[in-house]
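Novice: build me a structure from this.
(chains A, B, C and D)
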There are 2 protein chains.
Amino acid sequence: MPRPDQSAKRRKRLLPIIAQAFAELGYGRATTAELAQRCKVRENILYRLWPNKKAMFVASIDYVYEQSAATWREILADIDDSADAAGRLLKHEAEHHGESGLHRIILAGLSQTDEPEIRDALRSMYGRFHRFIRAQIVAHRKGEDNGTLPDATASAWAIVGLGNLANISRELGLLTDRGRKRLFSDAGRLLLGGKSS
Amino acid sequence: MPRPDQSAKRRKRLLPIIAQAFAELGYGRATTAELAQRCKVRENILYRLWPNKKAMFVASIDYVYEQSAATWREILADIDDSADAAGRLLKHEAEHHGESGLHRIILAGLSQTDEPEIRDALRSMYGRFHRFIRAQIVAHRKGEDNGTLPDATASAWAIVGLGNLANISRELGLLTDRGRKRLFSDAGRLLLGGKSS
DNA sequence: CCTATTCGTAAGTAGCCACTTACAGTATGA
DNA sequence: TCATACTGTAAGTGGCTACTTACGAATAGG
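Specialist: So this is what the prediction gives:
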């Protein structure tokens, strides 16, 4: 048998470059020629790794979640006393949300939702973000009364909405850094509820 | 002097059709050929009314705000006793948010922010939404203590975020109608603060 | 060594799309 | 009536882009 297939490793190596390109350029302007150039390969090599451009984009969407989740897991690991984990995550987002620039992939994807694969990838990504945040909220509120608070599901979606708006804000220059911080810390805290105060 | 120029009237007549097309198809798939066909004219006629496709899109973005604002003004006019105006608007959004489908134009625009004209149009649009909502919040909270609430600016951005998430949710099928209602009524109310309770 | 498969390079192609040009018809105001 | 703009029809066109084909070179196992 001849040479072993290195495709999987190579996909893994090139994906960050491709995701970065989609983030910087959007879907349309990230042409396959440009992607290839950034990867320092020819176009047909990309087509040997993914069936088409859409698939490269879907892989990039998944990559966005993986990156965020990895960061969050690190933070949670650092504070295994689990004291106010949700608050720590909120604080982290208040200060570093959107720094990588990868979030622009999501905005690019939202204009391609007529492609079922892309829509599915986005739905799955939002779902994973929501579940993660919801779990944090539930843990945070454990055994408190939560008088007039929205339930954990609604609160989690609202916080996802905060993150989304922060992304758009970064894109359009709507908020200052301070404004974004206050958005996360004040509105975020309010939605979180529980033992904050 | 020969025939008078009807361009302005015509732009006004065609804009809803064009906006609808952008909303349904997104920026890329709304080709100028398609736009012309829907308007029942030839392409070059569109090019006599707008300098290029980008300008047609920018006009459509403005149209989105105008439509929402018109609806809201109607609601406010119906209840000139000004009793809980903000609450009424929230309730309306909880039930009818995104029904027109026009919001998809915004999602389409967010992937074209490398075009300065489009970015400016979006920024202006978000700014107008924010000012409108902020004014409602300020009026709503007038003369209350608002202990740990975010200030009106942050709250207004958070509510803009709710609307945004509701749009995305409609696009991807993240929330049921009931879920969206709870998002607006529970999280929205919480952020609104003041005499709700 | 042989051979099956991967890897790299180069060129090409079919289709689409924003935008243009050319020209004939038509309504207006002086 | 007549010149001057506006209005409509028709047919391009140049450029770009996703994706393909062809082919030789390298590399592994048997």
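
Novice: tell me the residues of chain A that contact DNA strand D?
Specialist: Within reach of DNA strand D by C-beta under 7 Å from any atom of the strand, chain A has these residues: A:1-4, A:28-33, A:42-44, A:47, A:52-54. All C-beta spots, glycine's among them, are computed from the backbone N, C-alpha and C.

Novice: got a PyMOL select line for the buried ones in the residues you listed?
Specialist: Paste this into PyMOL to select the buried members of these, with burial taken from 16 or more other C-beta atoms under 10 Å in any protein chain shown:
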select buried, chain A and resi 30+53+54
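
Novice: just the ones of the residues of chain A next to DNA strand D in helices?
Specialist: Among the residues of chain A next to DNA strand D, DSSP state H puts A:28-29, A:32-33, A:43-44, A:47, A:53-54 in helices.

Novice: so can I have CSV of those residues showing distance to residue A:125?
Specialist: Shown next, in CSV, are those (distance: C-beta to C-beta, whole Å):
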residue, distance to residue A:125
A:28, 20
A:29, 22
A:32, 23
A:33, 27
A:43, 27
A:44, 29
A:47, 25
A:53, 19
A:54, 15
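
Novice: which one of those residues sits closest to DNA strand C?
Specialist: Using C-beta to the nearest atom of the strand, residue A:44 comes nearest to DNA strand C of these, at 4.1 Å.

Novice: next up, the contacts around residue A:172.
Specialist: Residues in contact with residue A:172 (C-beta atoms under 8 Å, 6 or more residues apart in numbering or on different chains) are B:113, B:119, B:122-123, B:126.

Novice: how about 10 Å then?
Specialist: B:109-110, B:113, B:119-127 (C-beta atoms under 10 Å, 6 or more residues apart in numbering or on different chains).

Novice: same question, residue A:133
Specialist: A:72, A:86, A:89-90, A:152, A:155-160, A:163, A:191-192 are the contacts of residue A:133 under C-beta under 10 Å, 6+ apart.

Novice: recalculate using a threshold of 8 Å.
Specialist: A:156, A:159-160.

Novice: try residue A:66
Specialist: Here residue A:66 is in contact with no residue (C-beta under 8 Å, 6+ apart).

Novice: for the helix or strand containing it, what is the average pLDDT?
Specialist: Secondary structure from DSSP states H and E places residue A:66 in helix A:53-78. Taken as a whole, helix A:53-78 carries a mean pLDDT of 95.

Novice: which is the next helix or strand following that helix?
Specialist: helix A:85-96.

Novice: neighbours around the residue nearest to residue A:85 when sequence neighbours are not counted, how many?
Specialist: With sequence-adjacent residues excluded and distances taken as C-beta to C-beta, 6 or more residues apart in numbering or on different chains, residue A:85 is closest to residue A:76, at 5.7 Å. Neighbour count for residue A:76, taken as other C-beta atoms under 10 Å in any protein chain shown: 15.

Novice: repeat that for residue A:183.
Specialist: Neighbours around residue A:183, by other C-beta under 10 Å: 26.

Novice: contacts only, for it.
Specialist: So residue A:183 contacts A:94, A:162, A:165-166, A:175, B:150, B:154, B:157-158 (C-beta under 8 Å, 6+ apart).

Novice: residue A:166 now?
Specialist: A:93, A:97-98, A:175, A:180, A:183-184.

Novice: in chain A, where is pLDDT below threshold?
Specialist: Along chain A, segments meeting pLDDT under 70 span A:1-3, A:80-82, A:145-146, A:194-197.

Novice: quickly find the element holding residue A:38.
Specialist: helix A:32-39.

Novice: just the C-alpha atoms of that helix, please, in CSV.
Specialist: As requested, the backbone C-alpha atoms of helix A:32-39 are provided in CSV (Å, rounded to 0.1, in the frame of the first residue of the first chain):
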residue,chain,number,x,y,z
THR,A,32,-11.4,30.2,-3.1
ALA,A,33,-8.4,31.7,-4.8
GLU,A,34,-7.8,33.9,-1.7
LEU,A,35,-8.2,31.0,0.7
ALA,A,36,-5.7,29.0,-1.3
GLN,A,37,-3.2,31.8,-1.3
ARG,A,38,-3.4,32.3,2.4
CYS,A,39,-3.0,28.6,3.0
